[in-house]
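Engineer: Model the structure of this input:
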Amino acid sequence: MRRVFNLSNLLALAVSLVVFAAVLIVWDTNLGVAVAGVVGGAAGAVAWFVSSRSRQGPSLAGTLEGMPCLGSIPPIGSAPAPTLVEDETTDRFTGILREIEGHTTGRVLLVSSPSPGMGASSVTLNLAIAASKAGRRVMLVDADPSAHGIGRFLSSGTSPGLSDVARGTATLTTATRMWTLDDGSSFPMLPAGDQPADPSDLAGILVADALDVVSEHADLIVIDVPPVMWSSATPELGAHADGTILVLTDGADPATVETAVDQLAAAGAPVVGYVRNRSNATAPLAPRPAKRAAVLGAVLAGLLLVGYTTYTGAQLINSWRQVETQALDTGAVGAIGSSRAPTSQDDPDDVGTLEEGDEAPDSTPSVTAPTEAYETLLVIGSDEIAGAADVIVYLVRPTNGSDPFMVSLPRDLYVENPCTGGNSRINSLIKGCPADDINGPTLLSSQVEKITGIEVDHFAWFDFNGFENVVDAVGGVEICLEYPVRDAKAELDLPAGCTEATGAQALSWVRSRKTQQLVNGVWRSVPGASDFQRNEHQQDVIIQLFSQLKAFDSPNQLTTKAASLADNFVLDDGFSISEAVNLAWGLRSIDIESIKRLELPVRLTRSTKGQSIVVLTAPFDEVLRDAYGSLLPSEDGGSTAAPSQ
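Structural biologist: Predicted structure coming up:
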């Protein structure tokens, strides 16, 4: 831990974080995030290089002075047992064996390294192989249970092994297996065991007795152990060893080497000599700070990007958890609609039937679109006081890449109410069926599906306060007028020209039904002012909202917007966070101007109760065919045959 969290590393991390944040402040885009990661990593690498050079301690050559070099092993690529395939390497290990014999009479030797990744395990294995080929009686002991130890070369498994012998659950005889070489020679080896032994057990009498038995017959016992500072098992095994062979690379850190040498001496297994691994013995023994700085820079860049992604992802998940959800199950509506008897005619939402002689044409779609043909979102805006939906806009995107479309459903649209068994305006369906545990958005969605023949995937429901907050959160919407307008009931008052409307102003604009405009000093009703004109205003504002919502260039901007909008919507509980992110990201590729605005074919009439209502005059699939040529639009603008029912 001290090696990882030293002053130079901590300084590099701090510098990389500061530079990363500074770049993001200036350039908060997807490309900016990537650049910030690279620049932050590079800045951290430079800081580490400067710090480590200014604090440079003794040289590696100075640290190893007086310690014999037992030999060098050249780079051998990825071969796990180079003595089996490389004659030159075999000669190198044979020479190392002679050097070992010249510097110690000990039979039990540990093989370790100052830090991980220097190849101590492969050197241990190849020393044993070379000794066996040279006619020595050698035994190999694997004391490194990690995935990087000798166990990775075994096909017979690692258990039972040393840890089992140390615990007394296996004997030396049952745990030892023979390793046969290609020339027919073999040597015994003791694997590490599946479960790491308690370090104190490794220093115990059972391991000592086992090694004593082997040493009576073997010329050499080599024990592969983890780096001394990375495992408490190494010092314990040092109690049984006569010395240690230190394996290191030419760029080893001098301070780490010095600490390893000291700790091995303190453990009772002093370093006999060192082996230069992956070295041609021509380069000087010295760390390579530039190379280490480059590696550190790459690691820091990766950590910065992973950390940033994790942080923004956590923010997004936290925002998502703040969103209120309700169930969407239109199938439950169909189950009650077939058997529900009409309720009392005193029901305030029941508008009665059509006037006598005013027959509504069949407006049921002749074809229902396949579920996978479209991705849909029903946007609902409601007046909590009146208990009615003021905004019902259906957003539909064909999955084959054709232009998306939107259609507004007039609030006075005459529909069946499955909950009451009677007829009502569609806006009253937002009250739902409390007695049947069916919420308003589900009831409304069921009728939208019936009218359009297209399944509602998700809904987003907001009240007036939520609408105002959403508009304000995206920075407002632009409303451009030829004349000043007003509507006292809707609290509308906007000047001529273009206004960057607040949430309150935008709400008044989309709710206004009796809009007046000031022309030549006289207030007059706006020609054509009606619910249909309100639908146009609602679509204008929703399109602008989508334009604003898609205007994010980085995950940070996405999470910021998500946090500001989270508590202003009610979404269906099937709307997952991954779908929401995909939808938000998908909006960025949509040309807002390409969204088609379809209109329901309706006419104004009255019910037997004298209420003003509108009825459909043609099925919705005819509207789709007029717009796309088919119920299923094709990507090239042609027609795609729709399946018949």
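
Engineer: okay, now Thr259: neighbour count?
Structural biologist: Neighbours of Thr259 under the rule other C-beta atoms under 10 Å: 18. Every C-beta, even on glycine, is put in place using the N, C-alpha and C of the backbone.

Engineer: Sketch out the low-pLDDT regions of the stretch 51-200 of the chain for me.
Structural biologist: Along the stretch 51-200 of the chain, segments meeting pLDDT under 70 span 53-58, 76-88, 154-156, 196-197.

Engineer: Let me see the ranges of the strands in it.
Structural biologist: Assigned by DSSP state E, counting those that start in this stretch, the stretch 51-200 of the chain shows strands spanning 69-73, 108-112, 138-142, 177-180, 186-190.

Engineer: Give the buried residues for the last one.
Structural biologist: Within strand 186-190, the residues that qualify as buried are 187-190, counting by 16 or more other C-beta atoms under 10 Å.

Engineer: for the residue lying closest to Val602 once chain neighbours are set aside, what are its contacts?
Structural biologist: In space, not counting the residues next to it along the chain, Val602 is nearest to Val614; the distance is 4.3 Å by C-beta to C-beta, 6 or more residues apart in numbering. Shown in contact with Val614 (C-beta atoms under 8 Å, 6 or more residues apart in numbering): 410, 412-414, 531, 602-605.

Engineer: Now which of those would you call buried?
Structural biologist: Buried among the contacts of Val614 by 16+ other C-beta under 10 Å: 410, 412-414, 531, 602.

Engineer: least confident pick among the residues you listed?
Structural biologist: Across the buried ones among the contacts of Val614, the bottom pLDDT score, 63, is held by Asp531.

Engineer: What is the end-to-end distance of stretch 231-249?
Structural biologist: 20 Å (C-alpha to C-alpha, to the nearest Å).

Engineer: what's the closest of the contacts of Val614 to Gly574?
Structural biologist: Of all those, Gly574 sits closest to Leu413, with 25.6 Å by C-beta to C-beta.

Engineer: Quick check: the closest one vs Ser446, distance?
Structural biologist: 14 Å (C-beta to C-beta, to the nearest Å).

Engineer: Would you map the helices across the stretch 251-400 of the chain?
Structural biologist: Under the criterion DSSP state H, counting those that start in this stretch, the stretch 251-400 of the chain carries helices at the ranges 254-266, 289-321, 330-337.

Engineer: how about the buried ones among the contacts of Val614, which pair is most distant?
Structural biologist: Greatest spacing in the buried ones among the contacts of Val614, by C-beta to C-beta: Tyr414 and Asp531 (12.9 Å).

Engineer: Identify the residues contacting Tyr414.
Structural biologist: Contacts for Tyr414 (C-beta under 8 Å, 6+ apart) come out as 351, 354, 360, 423, 425-426, 605, 607, 613-615.

Engineer: Let's see which of the contacts of Val614 end up in strands.
Structural biologist: 414, 602-605 (DSSP state E).

Engineer: Save those as a markdown table, and put in distance to Leu518 too.
Structural biologist: Listed next are the ones in strands among the contacts of Val614 as a markdown table, based on distance: C-beta to C-beta, whole Å:
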| residue | distance to Leu518 |
| --- | --- |
| Tyr414 | 35 |
| Val602 | 31 |
| Arg603 | 32 |
| Leu604 | 28 |
| Thr605 | 33 |
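
Engineer: Just name the closest of the residues you listed to Cys480, please.
Structural biologist: Closest to Cys480, out of all of these and judged by C-beta to C-beta, is Val602, at 27.5 Å.

Engineer: List the beta-bridge partners for the closest one.
Structural biologist: Beta-bridge pairing of Val602 under DSSP bridges involves Leu616.

Engineer: surely it meets Ser408?
Structural biologist: No - under the criterion of C-beta atoms under 8 Å, Val602 makes no contact with Ser408, lying 10.8 Å away.

Engineer: Surely the residue nearest to Val602 is in a helix?
Structural biologist: No - counting by DSSP: H, G, I helix; E, B strand; the rest coil, Val614 falls outside a helix, being strand.

Engineer: roughly how far apart are it and Ile426?
Structural biologist: Applying C-beta to C-beta to Val614 and Ile426 gives a distance of 10 Å.

Engineer: can you list the residues that contact stretch 238-248?
Structural biologist: The contact list for stretch 238-248 (C-beta under 8 Å, 6+ apart) reads 67, 70, 100, 104-114, 118-120, 123, 127, 203, 207-208, 211, 222-223, 257, 260-261, 264, 267-277.

Engineer: List only buried entries from these.
Structural biologist: By neighbour count, with 16+ other C-beta under 10 Å, those hold 67, 70, 100, 104, 106-114, 118-120, 123, 127, 203, 207, 211, 222-223, 257, 260-261, 264, 267-277 as buried.

Engineer: tell me the most buried of the helices of the stretch 251-400 of the chain?
Structural biologist: helix 254-266 (a mean of 19; mean count of other C-beta atoms under 10 Å).

Engineer: show me what contacts the closest residue in space to Trp179 that isn't next to it in sequence?
Structural biologist: Excluding the flanking residues, the one nearest Trp179 by C-beta to C-beta, 6+ apart is Met189, at 5.0 Å. By C-beta under 8 Å, 6+ apart, the residues touching Met189 are 128, 139-142, 150, 176-179.

Engineer: ok, now Gln517?
Structural biologist: Listed by C-beta under 8 Å, 6+ apart, the contact set of Gln517 reads 481-485, 523-524, 526.

Engineer: Per-residue pLDDT of the residue nearest to it when sequence neighbours are not counted, please?
Structural biologist: Distances taken as C-beta to C-beta, 6+ apart place Tyr483 nearest to Gln517, at 4.1 Å, with adjacent residues excluded. Looking at Tyr483, its pLDDT reads 89.

Engineer: May I see the strands of the stretch 51-200 of the chain organised as CSV, with distance to Ala388 added?
Structural biologist: CSV is the format used below for those (distance: least, C-beta to C-beta, whole Å):
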stretch, distance to Ala388
strand 69-73, 83
strand 108-112, 79
strand 138-142, 77
strand 177-180, 81
strand 186-190, 82
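
Engineer: Got the phi and psi for Cys498?
Structural biologist: In terms of degrees, to the nearest 10, the main-chain angles of Cys498 are phi -100, psi 130.

Engineer: Now for the closest residue to Leu395 other than its chain neighbours: which residues touch it?
Structural biologist: The shortest distance from Leu395 to any non-neighbouring residue, by C-beta to C-beta, 6+ apart, is to Leu377 (4.6 Å). Leu377 is in contact with 394-395, 457-460, 583, counting by C-beta under 8 Å, 6+ apart.

Engineer: does Glu416 belong to a helix or a strand, and which?
Structural biologist: Glu416 belongs to strand 414-417 when assigned by DSSP states H and E.
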